[in-house]
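Chemist: Following is a predicted model, sequence given first.
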Amino acid sequence: RVGIATTTPNYTLHVNGGIGATDVYVTGISTVVENFHVGTGGTIFSVDAITGIGSVGVGTASPAYLLDVRSPVSTGQTALYVYGDMRVTGDINLDDITLDDASVQDLTVTQTANINGTLNVTGITTLSSSGGITTTGGDLYVGGDLYVLDDIVYDEVTGRNINITGVTTLGTVQI
């Protein structure tokens, strides 16, 4: 055993103090007992082993989460890229989201949803089942039957083959 700055080396090479090295190659299993930092102060890559949970930081020396990725990204840059499938079993909290192609099962929107383009919905669609208001600023096209449970309030109606059944009160009828 060789000791540098120690008279009681515990390893084959025991250095008590900092080491400066260039082009270090490690083969086999290596153990870092405490923190591991790459970059000045660990600003590029950091493993925090002292907290007991082994947090990994990319772009931060102080990871706040198990995997904490931080990057000063702007338009055209990507902070995190996943090649292949990704499965998340917990919640995802997003500030903004852009999807190129998505298939969603059981989607609940609790705030305003702005859709710029076409929204194709198959199956049963319920709008404002809790009594809210659904507004469309343009035309609403229904390709099949339209069933309305409660009253319809309208300003003007144009139709073809209108069949009215049940009790009906008409104010003015022009034929």
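Modeler: Received it, and whenever you're ready, just let me know what you need.
Chemist: pLDDT weak spots in this protein?
Modeler: Applying pLDDT under 70 to the chain flags the ranges 51-52, 73-76, 128-132.
Chemist: ok, now with 80
Modeler: Counting by pLDDT under 80, the chain shows low-confidence ranges at 33, 49-53, 72-80, 95-99, 106-138, 170, 173-175.
Chemist: Okay, strands next: where are they in it?
Modeler: With DSSP state E as the criterion, the chain has strands at 2-4, 13-15, 36-38, 45-48, 55-58, 67-69.
Chemist: got the contact list for G117?
Modeler: Contacts for G117 (Cβ atoms under 8 Å, 6 or more residues apart in numbering) come out as none. Bear in mind the C-beta positions are built from the backbone N, C-alpha and C, glycine included.
Chemist: How about I50?
Modeler: Shown in contact with I50 (Cβ under 8 Å, 6+ apart): E34, N35.
Chemist: Including distance to T89 and mean neighbour count, could the strands of the chain go into JSON lines?
Modeler: Formatted as JSON lines, the strands of the chain follow (distance: least, Cβ to Cβ, whole Å; neighbours: other Cβ atoms under 10 Å):
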{"stretch": "strand 2-4", "distance to T89": "48", "mean neighbour count": "12"}
{"stretch": "strand 13-15", "distance to T89": "44", "mean neighbour count": "12"}
{"stretch": "strand 36-38", "distance to T89": "28", "mean neighbour count": "14"}
{"stretch": "strand 45-48", "distance to T89": "24", "mean neighbour count": "19"}
{"stretch": "strand 55-58", "distance to T89": "19", "mean neighbour count": "19"}
{"stretch": "strand 67-69", "distance to T89": "15", "mean neighbour count": "13"}
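Chemist: I appreciate the help and will end here.
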